[in-house]
Structures are given as structure tokens and as C-alpha cells.
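In: sequence and computational prediction follow.
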Amino acid sequence: MVDVVLGGFFGDEGKGKVLEYLAKEADIVVRCSGGSNTGNTVVFNDKKYTLRFIPVAILKSNVTAVIANGVVIDPKILVNEINLLKENGYNLENLKISEKAHIILPYHIKLDNIEEEIRGQDKIGTTLTGVGPAYSDKANRYGIRVQDFISSRFPKLLKRNIEMKNKVLESYEKETLDYNKILEEYSEYSKALEPYICDTVNFLQDSAKQNKKIICEGSQATLLDLDLGTYPYVTSSNSTIGGILSGTGLNHKQIGEVYGVVKAYSSRDGEGPFLTEEIEDADTNNKIRELGHEYGTISKRPRRCGWLDLNALKYAVQVNGITALAVNHLDVVGKLKTIKLCVAYKYDGKVTNKFSSNPAYLAKCEPIYEEFEGNFEDVLEAAAREDLCEQAEKYLQRIEEVVGVPIKFIGIGEENENILFN
Ligand code: GDP
Ligand code: MG
């Protein structure tokens, strides 16, 4: 059976915690899309490292970790991760990298920076890691797949692409790239990656047939999906369920649970529509930010904070087929006096339950809030949902009632073990 973990809104909802819980029972954990624009933290000898490609689950148990075909891989970063894990005693026999994944090359990173510069005031706030340009090349059929990268075709393809990209760099009066230097450096990475490369589509299909427990991790989140999110303020791949299927070669009939991960409030890193942002009450906005440590992981910029939007959540449930919810950061809203919950919008004077990712539509909508009493007793004390105070239970029940999907996970604190499951 294949279970999927997806972000509900704008990302940073705490998928890592749910994944870690599910990975305990899993045989295989799969990265399905995205690239070096996301990551999870590991600690070795009191020092924090971010793993951008290798699923952290590989460290915890006997699980096999797959970097599937939908991912764009920065070989330099991935080789560093492999070396870091090896230095810390992991043999990585259980790591599998798709031959069909595409690779990020230095020109992608350069172009990511230039393209953001060109957008000027309208910049998206990309992580400047080359992910967007690598997906563009994939769509343009200039992409270099892992299978090309480890073959004798690599020098020819690299030469063609560098010649082409250098013309673009020249036109922006930027420093051009040196083919020989890149070929030499990247040939080393390709040798380092070769032992892990295979046809992960076949591997996953065979594993599904053998009833292995497979967990697929989504990257980013629903409203950042290239097609279904708030374009252009989105990521450069499909971060909804479709991206899981095309990014792995698993099919829809093989999917079991689809967990939608949200926070008990909302936050957004960077630009783009965010209807339930708390704008009027700056104190509450700041309080949520401080309590929830809402600062960009890479950018460090303060995130915009506000309330849970159940119209948007219903949309996430519909487009992904979410079967169960994970609501994290209950501890954060529990420290507020009053919690607002958006249960519908007012559009053109009428109440509507419709969300649309069209910014023009959203601009005309006004959230309709219900207010809930906060000041929860210390939720960290709870060992099960039954232990939560009445106000907390009221809030959670209202979410389930409006959305029509049960809450299976409740996040009650920062640590991964601060989670309730029912
Ligand atoms: P992702 O972007 O969805 O993968 O989110 P991460 O797994 O990176 O988590 C984002 C942050 O939220 C991490 O720093 C977690 O410690 C924190 N976090 C997750 N769940 C909770 C929770 O229930 N309460 C609090 N206070 N923090 C949480
Ligand atoms: Mg994360």
C-alpha cells in the first residue's frame, strides 16, 4: 500500500513530523518532486545539517529511500549528502536514485538568479537553487537526465547546453561558464552517484506488488502547485497528488491514505494571495510569528501569518483526494486568547464555499470567521486526543465538521515526538 503526505497550503506545515511517524512502519520512503529548494534537518555531533535530497527516514530504520524520477537533482549537493552520511557511519545500501530524474547544473543556478533579477518587484522569491530553470529545461527537452549524466553522452549534451546558456549569460553581460571545468567536476559526481542509480519506476511497482509499505513525501504544498496553486507565486513542479503519480510511476489505484498536513493557523513565505492573513491586528500576527518561529528556512525573512482557511482546505482535499488531516502547531494557537477560523467567504454579497486559485477571484472574497476560545491548557501534556481541553477539542471538531475529513494527527509541539495519532 502507498500512503502519501502532502502540504495543505503554502508549505512548512510540518510534513517532516508526520513522515517520521509513518516511516517507522514503512519499507520504502520516496521523494517524488522538487529539488534542492526543500529539505529536512539532521543533527550529527551537535551540528545541524539539511538533507535536501536523501529522505531522513533512511537514518532511522531499515527503510529504503528512493529519489524518484520527478525530482531535479543537484549532483554536487547530493554527493555531499552521501559523503556526510557515510562519514557518520551509514552505508546507504538502501538508497535508490532514479535514472529518469533530471540534474541541476551550474547554469541553472546562474539563470535562477538572473531571472529573479529580471522580475524585479514581481520576483517570486525562489530559493535560487536552480530548480525552476532545471524544470524549464526538462519541459524544453534540453534537460539532462541521470541516465545521460552517467553515460558517454554527457560531454556532448553538456557542451551543447553550455554553449547555448553562455549566449544567454553574455546577453546579460554575466560571466560565462567554462565547459572543461564543469565537465571535470561533474564527471566525479556522476561516478559517485552511479552505484545508486536504477529504474525506480520498476522498483516501486515491484515493491507495490509485493505489498511493501511505501510512503511518498510531497514537497512544498497544494497552493504552490504549478497548475493548481496561486500562479505565478508557485513552485516549478506539481506538488499535488498528480505530481506524486507522475513523479514516481505509481498509479492512483495503488494509493491508500492521502494525509493533508496543515497548521492550526496559516503562514506564507513571500508573495502571493493569502486571504486569511491577519493584517488588522498586527500584535496577533507578530505573536503567531514569534510562537511558531515563522521565519523562512532559507530566506530567514519573516513569514506572513494568519488563520486557517477551510475554503482553501476543502479545495486541497478535493484536488488531492485527501483522506485524513494532520493539524500541527495546536500548541501555538492554544497560547492565543482568541482563535479565528475561516469557514466560508463572502463574494459579491453572498456566502460561498468556493475557493479558486485565481488571484482576481480571491481579491474579491472576504473571509467569514468564527471565533474560538484559546488559552488551552498545556497541550504538550496530552498523551491522546481525549486529553485535550474542551476548547481545543471544539476547535478541532469544527475543522472536521466543515471539511468533512477526520483529523488523524495532531501536532502539539516542536519536536517530532510531539504528535498525537488516532
Ligand atoms: P515541511 O516544510 O512541511 O516539511 O515542514 P517541516 O517538517 O520542515 O516543519 C516546519 C517546522 O515546524 C519545524 O521546525 C518543526 O519543528 C515545526 N513544527 C512541526 N510541528 C509542530 C507543532 O505541532 N508545534 C510547533 N510549535 N512546531 C511544530
Ligand atoms: Mg520542510
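Out: Here it is on my side, so go on. Ligands and ions are numbered 1, 2, ... in the order given.

In: for the residue of the stretch 101-250 of the chain found nearest ligand 1, what are its contacts?
Out: Closest to ligand 1 within the stretch 101-250 of the chain is residue 221: 7.1 Å, counting by Cβ to the nearest ligand atom. To be clear about C-beta, it is placed using only N, CA and C from the backbone, and glycine gets the same treatment. When the contact criterion is Cβ atoms under 8 Å, 6 or more residues apart in numbering, the partners of residue 221 are 6-11, 13, 239.

In: for the closest residue to residue 249 other than its chain neighbours, grab phi and psi.
Out: Excluding the flanking residues, the one nearest residue 249 by Cβ to Cβ, 6 or more residues apart in numbering is residue 201, at 3.3 Å. For residue 201, the backbone dihedrals (degrees, to the nearest 10) come out as phi -60, psi -50.

In: can you report how many residues lie near residue 201?
Out: A count of nearby residues for residue 201, using other Cβ atoms under 10 Å, gives 16.

In: contacts only, for it.
Out: Taking Cβ under 8 Å, 6+ apart as the test, what residue 201 contacts is 69, 98, 100, 248-249.

In: right, and the pair among those residues with maximum separation?
Out: Longest distance between any two of these is 10.4 Å, between 100 and 248; criterion Cβ to Cβ.

In: that's a helix at residue 258, yeah?
Out: No: counting by DSSP: H, G, I helix; E, B strand; the rest coil, residue 258 is not part of a helix but strand.

In: partner residues bridging it?
Out: residue 4 (DSSP bridges).

In: one step back: give me the phi and psi for the closest residue to the residue of the stretch 101-250 of the chain closest to ligand 1 other than its chain neighbours.
Out: The shortest distance from residue 221 to any non-neighbouring residue, by Cβ to Cβ, 6+ apart, is to residue 7 (2.6 Å). Note on residue 7: backbone dihedrals following degrees, to the nearest 10 are phi -80, psi 140.

In: any idea how far residue 7 lies from ligand 1?
Out: According to Cβ to the nearest ligand atom, to the nearest Å, residue 7 stands 5 Å off from ligand 1.

In: surely that residue is in contact with residue 217?
Out: No: look at residue 7 against residue 217 with Cβ atoms under 8 Å: they stay out of range, at 9.9 Å.

In: so what sits against both of these two?
Out: By Cβ under 8 Å, 6+ apart, the residues touching both residue 7 and residue 217 are residue 15.

In: burial count for the nearest residue to residue 380 once chain neighbours are set aside?
Out: Excluding its sequence neighbours, the residue lying closest to residue 380 (Cβ to Cβ, 6+ apart) is residue 413, at 4.9 Å. Number of residues near residue 413 (other Cβ under 10 Å) recorded here: 18.

In: what does the pLDDT read for residue 413?
Out: We have a pLDDT of 96 for residue 413.

In: need the three-state assignment for residue 17.
Out: Strictly by three-state DSSP, residue 17 counts as helix.

In: contacts only, for the residue nearest to it when sequence neighbours are not counted.
Out: Excluding its sequence neighbours, the residue lying closest to residue 17 (Cβ to Cβ, 6+ apart) is residue 416, at 4.9 Å. By Cβ under 8 Å, 6+ apart, the contact set of residue 416 is 16-17, 20-21.

In: again, 7 Å this time
Out: Taking Cβ atoms under 7 Å, 6 or more residues apart in numbering, we find residue 416 in contact with 16-17, 20.

In: now swap in residue 218 and tell me
Out: By Cβ under 7 Å, 6+ apart, the residues touching residue 218 are 4-7, 15, 32, 239, 244.

In: which one of these is nearest residue 283?
Out: residue 7 (27.5 Å).

In: any idea how many residues pack against that closest one?
Out: Neighbours around residue 7, by other Cβ under 10 Å: 27.

In: from residue 25, how far off is it?
Out: Here residue 7 is placed at a distance of 21 Å from residue 25 (Cβ to Cβ, to the nearest Å).
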